[in-house]
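Novice: Here is a sequence with its predicted model. Questions after.
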Number of protein chains: 2
Amino acid sequence: MKTKEKFYTYIQQLQDTITSSLEKIDGKARFKEDLWNREEGGGGRTRVIENGDVFEKGGVNISAVHGPLSPAMQQYFGVGEVDFFACGLSLVIHPKSPMVPTVHANWRYFEMYDTQGNIVDQWFGGGQDLTPYYLFEEDAIHFHQVCKNACDAHNLNFYKDYKQKCDQYFHNAHRGEGRGIGGLFFDYCKQNDQMTMDNWYDFVTEVGDSFLDAYVPIVNRRKDLNYGEDERNWQEIRRGRYVEFNLVHDKGTLFGLKTNGRIESILMSLPPRVQWVYDHHPKAGSEEEKLVKVLKNPVEWLDY
Amino acid sequence: MKTKEKFYTYIQQLQDTITSSLEKIDGKARFKEDLWNREEGGGGRTRVIENGDVFEKGGVNISAVHGPLSPAMQQYFGVGEVDFFACGLSLVIHPKSPMVPTVHANWRYFEMYDTQGNIVDQWFGGGQDLTPYYLFEEDAIHFHQVCKNACDAHNLNFYKDYKQKCDQYFHNAHRGEGRGIGGLFFDYCKQNDQMTMDNWYDFVTEVGDSFLDAYVPIVNRRKDLNYGEDERNWQEIRRGRYVEFNLVHDKGTLFGLKTNGRIESILMSLPPRVQWVYDHHPKAGSEEEKLVKVLKNPVEWLDY
């Protein structure tokens, strides 16, 4: 089977697995499905959950689009007029409780073609990262350990490299702090001396398969913890930073907004309720301050 | 007096006038003042009001900064290494009641110098615009009429031109809708056959002086109207669009964030409480839908 068909089949199945697992955890809300078509070719299957007992808002979306590469994307990739195919799964989950971290993941595959339809370039990309509002170190270690295990099965340098890339990418430069406590980020995973495209497929799908193992135990550990209005306000203020990153810095979001993507599928990543308080600083010595300190200097969660 | 001194004196006084007038209307909250210095030269006086009876969050800020033009700004203006001076007043007011519109205004002055310190370029810019959550046509007409009166005293083409520029600039392209119902927007107001810099000073300060006349009567008419949870939710959803414009499209905000501006003074423009609901559409025939229709096609509020 062609890589693109194999990977698109994979993300369709993974979307089913993830949404049914999250629905089971939530117990109340169900994902709402929207199928959409892209005028220029392809489309997607958006699944959004809202107002659940555990998940306040989240989306687990797949899409497979193709056609001529837009001028903006041509410029971005430094190529001329070519056709492309891209497919991927993107998810963002905003839990209701401030004790449960927000999570983001994305796994994608891209092809470009010459005028005869031959593949001239192809690569995988993706990653998964965690954004807690209160820091439980064992959760951070668990998340990173699952990421590392998925990486180590393929290359012993991957975890270190992709963990660092994640810290670099999900950085709110204007705040001087990370969006969260990181995870993995990789892009332009192309055939090389060590990895065939089949090897990359195996790696990316191993990371995709690890997602629920990385996230679900954390949700289950934290979802029934008590919290009050202060913790909720803190969560909503920190969600403001999430919005700032996604709208100011995130390349995927900005590309989608500027190249006629399906707006509601792209902006499903924005949190349900958000606050901006002028010049807010957590109290010295508080749990909130502890989190911010960690976000200002990326931590090595694992010994290796 | 030099233009820059004259204008900086003006915006200091205007800040006092506006903040004391808004405090009087609010009756409860007071503006909190923060003085700040910019490492490279200059600084500002930020005044923020929060949790008032009428105003939920707002800022009325002045700054006067100078020094070498940053590389990003050099590229933006298409100039080499020069020194600059810039001063201005920026305000954004987010009222508590969804019946009272959000308002934004900015008046600014910019100078560039050669190595001998001679002015090689100078211009004014600014404007004021209204973002209602519920549309009262008489409010829109009043706001635009005050804008037009300020313009007409200087040039009979200004209102038409700057009203159109405002609709073009405050446009959420990814949503296909205006941020609000417009007002005035002008930039690069430089000396020409018809206008000396003194003439531009007179024009810009006339617009600045008109701000309270344009906004305060609307606040007073609407601040005591009844509203419920549905109207409040609608306001918070629409505030999400305000955030999207400011973080994705607004040049001033992005420059500030990317050139080491004072983050908290820049982001005072973000609303206090915001919602994002997936694929939200107002009911057919509702007041909410009426607003969105108007935002999709800019209206000529005045006959002229």
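Specialist: Perfect, I can see it now.
Novice: Settle this for me: residue A:22 is touching residue A:95, isn't it.
Specialist: No. In this structure residue A:22 lies outside contact range of residue A:95 using CB atoms under 8 Å: 10.2 Å. The C-beta positions use only the backbone N, C-alpha and C, and glycine is treated the same way.
Novice: Enumerate every residue touching residue A:195.
Specialist: For residue A:195, the contacting residues are A:154-155, A:189, A:203, by CB atoms under 8 Å, 6 or more residues apart in numbering or on different chains.
Novice: Touching both of residue A:22 and residue A:95, which residues are there?
Specialist: Taking CB under 8 Å, 6+ apart as the criterion, residue A:22 and residue A:95 both touch residue A:55.
Novice: Return the residues of chain A in contact with chain B.
Specialist: Residues of chain A lying close to chain B (CB under 8 Å from any CB of the partner chain) are A:32, A:34, A:48, A:50, A:57, A:59, A:173-175, A:236, A:240, A:243-244, A:247-248, A:254, A:257-258, A:263-264, A:267-268, A:270-279.
Novice: Can I have the buried ones of the residues you listed as a PyMOL selection?
Specialist: Selecting the buried subset of these in PyMOL, with 16 or more other CB atoms under 10 Å in any protein chain shown as the burial test, is done by:
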select buried, chain A and resi 34+48+50+57+59+174+175+236+240+243+244+247+248+254+257+263+264+267+268+270+271+272+273+274+275+276+277+278
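Novice: Tell me which of the residues of chain A next to chain B fall in strands.
Specialist: Among those, the members found in strands (DSSP state E) are A:32, A:34, A:48, A:50, A:57, A:59, A:273-275.
Novice: Residue A:35 - nearest residue in space that isn't next to it in sequence?
Specialist: residue A:45 (5.6 Å; CB to CB, 6 or more residues apart in numbering or on different chains).
Novice: Verify the contact between that neighbour and residue A:32 for me.
Specialist: No. Using CB under 8 Å, residue A:45 is not in contact with residue A:32; the gap is 11.4 Å.
Novice: tell me the residue furthest from the middle of chain A?
Specialist: residue A:116 (34.2 Å; CA atoms, centre = their mean).
Novice: tell me the strands in chain A, going along the chain?
Specialist: Under DSSP E, chain A gives strands at A:32-37, A:42-50, A:55-68, A:83-95, A:102-113, A:119-131, A:171-172, A:177-178, A:182-189, A:273-275.
Novice: As CSV, the ones you listed with mean pLDDT and distance to residue B:297 would be great.
Specialist: CSV is the format used below for the strands of chain A (pLDDT from 0 to 100; distance: least, CB to CB, whole Å):
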stretch, mean pLDDT, distance to residue B:297
strand A:32-37, 97, 25
strand A:42-50, 97, 28
strand A:55-68, 96, 30
strand A:83-95, 97, 33
strand A:102-113, 97, 36
strand A:119-131, 97, 39
strand A:171-172, 96, 36
strand A:177-178, 98, 41
strand A:182-189, 98, 40
strand A:273-275, 98, 29
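Novice: So which of the ones you listed is nearest residue A:295?
Specialist: Of all those, strand A:177-178 sits nearest to residue A:295, with 4.1 Å by CB to CB.
Novice: and the closest one, how far from the chain's centre?
Specialist: Strand A:177-178 sits 16 Å away from the centroid of its parent chain (CA atoms, centre = their mean, to the nearest Å).
Novice: Run through who's touching it.
Specialist: By CB under 8 Å, 6+ apart, the list of residues contacting strand A:177-178 from outside reads A:167, A:170-172, A:241, A:292, A:295-296, A:298.
Novice: Throw these into CSV and include neighbour count and distance to residue B:89, thanks.
Specialist: Shown next, in CSV, are these (neighbours: other CB atoms under 10 Å in any protein chain shown; distance: CB to CB, whole Å):
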residue, neighbour count, distance to residue B:89
A:167, 21, 39
A:170, 25, 35
A:171, 18, 32
A:172, 18, 27
A:241, 21, 27
A:292, 16, 31
A:295, 24, 33
A:296, 11, 32
A:298, 18, 39
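Novice: and which of those residues is nearest to chain B?
Specialist: Sorting the contacts of strand A:177-178 by distance to chain B puts residue A:172 at the head of the list, at 9.5 Å, by CB to the nearest CB.
Novice: and the residue lying closest to that closest one once chain neighbours are set aside, how many neighbours does it have?
Specialist: If the residues on either side of it in the chain are set aside, residue A:172 comes closest to residue A:245, at 5.0 Å by CB to CB, 6+ apart. Per other CB atoms under 10 Å in any protein chain shown, the neighbour tally for residue A:245 reads 25.
Novice: Residue A:245 contacts residue A:173, correct?
Specialist: No. Using CB under 8 Å, residue A:245 is not in contact with residue A:173, being 9.3 Å away.
Novice: Let me know the pLDDT of residue A:73.
Specialist: Looking at residue A:73, its pLDDT reads 86.
Novice: Please name the residues that touch the nearest residue to it once chain neighbours are set aside.
Specialist: Of all residues not flanking residue A:73 in the chain, residue A:259 sits nearest, at 6.6 Å (CB to CB, 6+ apart). Counting by CB under 8 Å, 6+ apart, residue A:259 makes contact with A:70, A:72-73.
Novice: What of residue A:291?
Specialist: Neighbour list for residue A:291: A:132-135, A:238, A:282 [criterion: CB under 8 Å, 6+ apart].
Novice: Could you take the strands of chain A and lay them out as a markdown table, with extra columns for distance to residue B:148?
Specialist: Output for the strands of chain A, formatted as a markdown table (distance: least, CB to CB, whole Å):
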| stretch | distance to residue B:148 |
| --- | --- |
| strand A:32-37 | 43 |
| strand A:42-50 | 44 |
| strand A:55-68 | 43 |
| strand A:83-95 | 45 |
| strand A:102-113 | 47 |
| strand A:119-131 | 48 |
| strand A:171-172 | 41 |
| strand A:177-178 | 45 |
| strand A:182-189 | 52 |
| strand A:273-275 | 36 |
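Novice: Residue A:223: which of those is closest?
Specialist: Distance to residue A:223, taken as CB to CB, is lowest for strand A:83-95 among the strands of chain A, at 7.1 Å.
Novice: packing partners for the closest one?
Specialist: helix A:3-26, strand A:55-68, strand A:102-113, helix A:197-222 (3 or more CB pairs under 8 Å, 6 or more residues apart in numbering or on different chains; DSSP states H and E).
Novice: Mind putting the ones you listed into a markdown table with distance to residue A:302?
Specialist: Listed next are the helices and strands packed on strand A:83-95 as a markdown table, based on distance: least, CB to CB, whole Å:
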| stretch | distance to residue A:302 |
| --- | --- |
| helix A:3-26 | 25 |
| strand A:55-68 | 27 |
| strand A:102-113 | 18 |
| helix A:197-222 | 13 |
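Novice: Number of residues surrounding residue A:190?
Specialist: When neighbours are defined as other CB under 10 Å, residue A:190 has 13 of them.
Novice: Over to residue A:158?
Specialist: With other CB under 10 Å as criterion, residue A:158 counts 21.
Novice: Could you find the closest non-adjacent residue to residue A:40?
Specialist: Leaving aside its sequence neighbours, residue A:40 sits nearest to residue A:67 (CB to CB, 6+ apart; 4.1 Å).
Novice: The one you found: what's it in contact with?
Specialist: Contacts of residue A:67 by CB under 8 Å, 6+ apart are A:38, A:40-42, A:83-84.
Novice: and if you look at residue A:143?
Specialist: Counting by CB under 8 Å, 6+ apart, residue A:143 makes contact with A:130, A:181, A:183, A:214-215, A:218, A:301.
Novice: ok, and the closest non-adjacent residue to the residue positioned nearest the centre of chain A?
Specialist: Centroid check for chain A by CA atoms, centre = their mean gives residue A:105 as the closest residue, at 2.5 Å. Residue nearest to residue A:105 in three dimensions, not counting chain neighbours: residue A:128, with 3.8 Å by CB to CB, 6+ apart.
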